[in-house]
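Engineer: got a predicted structure plus its sequence, pasted below:
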Amino acid sequence: MRPFHLAFPVKDLQTTESFYVDVMGCTVGRRTERSINLNFHGHQIVAHLVEAMPDSTDGGRIDGRQVPPFHFGLVMEWGQWHLFKNHLQDMDVEFRLKPHVRYPGKVGEQATMFIDDPSGNALEFKSFQNDERLFATLPGDEHVAGGGTL
């Protein structure tokens, strides 16, 4: 699988760099006066300095919880997810959505947690005990399943 690329807005480059390096374990690549290129566990993310953050307060409810409409993150191996959850707890990181298991006993069962970066960008970290369930549909959700290729 090839790495993905994601560009996202931030309010301050220095606090962004500290968070992504010290808390998320990223390394810094290229940097300019208005952006930082980060290695996000093998993926390229770029923090772009903006004057004002976009409004991202409207969101849906998933499994009874408010989920931010814009978020990104990683799908981790089961053991890795639990180690990372412990790391975040040890660093006293505040969770937007505390670690929990979503859809228990169903096809989409997954461990998940959300945190915010210093600019308020939401990050989700999730894990499946069976990676084949990553794109599985829940009963009644078949209309959402896509399968297009580029």
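Structural biologist: Arrived safely.
Engineer: report the beta-bridge partners for the closest residue in space to R31 that isn't next to it in sequence.
Structural biologist: Across the structure, with C-beta to C-beta, 6 or more residues apart in numbering as the measure, the residue nearest R31 apart from its sequence neighbours is N37 (6.5 Å). No exception for glycine: its C-beta is placed from N, CA and C like everyone else's. Applying DSSP bridges to N37 yields these beta-bridge partners: V46.
Engineer: ok, N37 to A122 distance?
Structural biologist: 21 Å (C-beta to C-beta, to the nearest Å).
Engineer: where does the chain have its least confident helix or strand?
Structural biologist: Averaged element by element with mean pLDDT, DSSP states H and E, the chain has its least confident helix or strand at strand 60-62 (a mean of 66).
Engineer: on the three-state scheme, K85 is what?
Structural biologist: Three-state assignment for K85 (DSSP: H, G, I helix; E, B strand; the rest coil): helix.
Engineer: what pLDDT does it get?
Structural biologist: In the prediction, the pLDDT value recorded for K85 is 98.
Engineer: for Q110, see how far away it is.
Structural biologist: K85 sits at a distance of 13 Å from Q110 (criterion: C-beta to C-beta).
Engineer: so what sits against both of the two?
Structural biologist: Shared contacts of K85 and Q110, defined by C-beta atoms under 8 Å, 6 or more residues apart in numbering, are absent.
Engineer: helix or strand: which one has the residue most central in space within the chain?
Structural biologist: Nearest to the mean C-alpha position of the chain, counting by C-alpha atoms, centre = their mean, stands G73 at 2.0 Å. Secondary structure assigned from DSSP states H and E places G73 in strand 71-76.
Engineer: identify all contacting residues around that strand.
Structural biologist: Contacts to strand 71-76, defined as C-beta under 8 Å, 6+ apart, come from residues 6, 8, 40-41, 45, 84, 114, 121-128, 131, 134.
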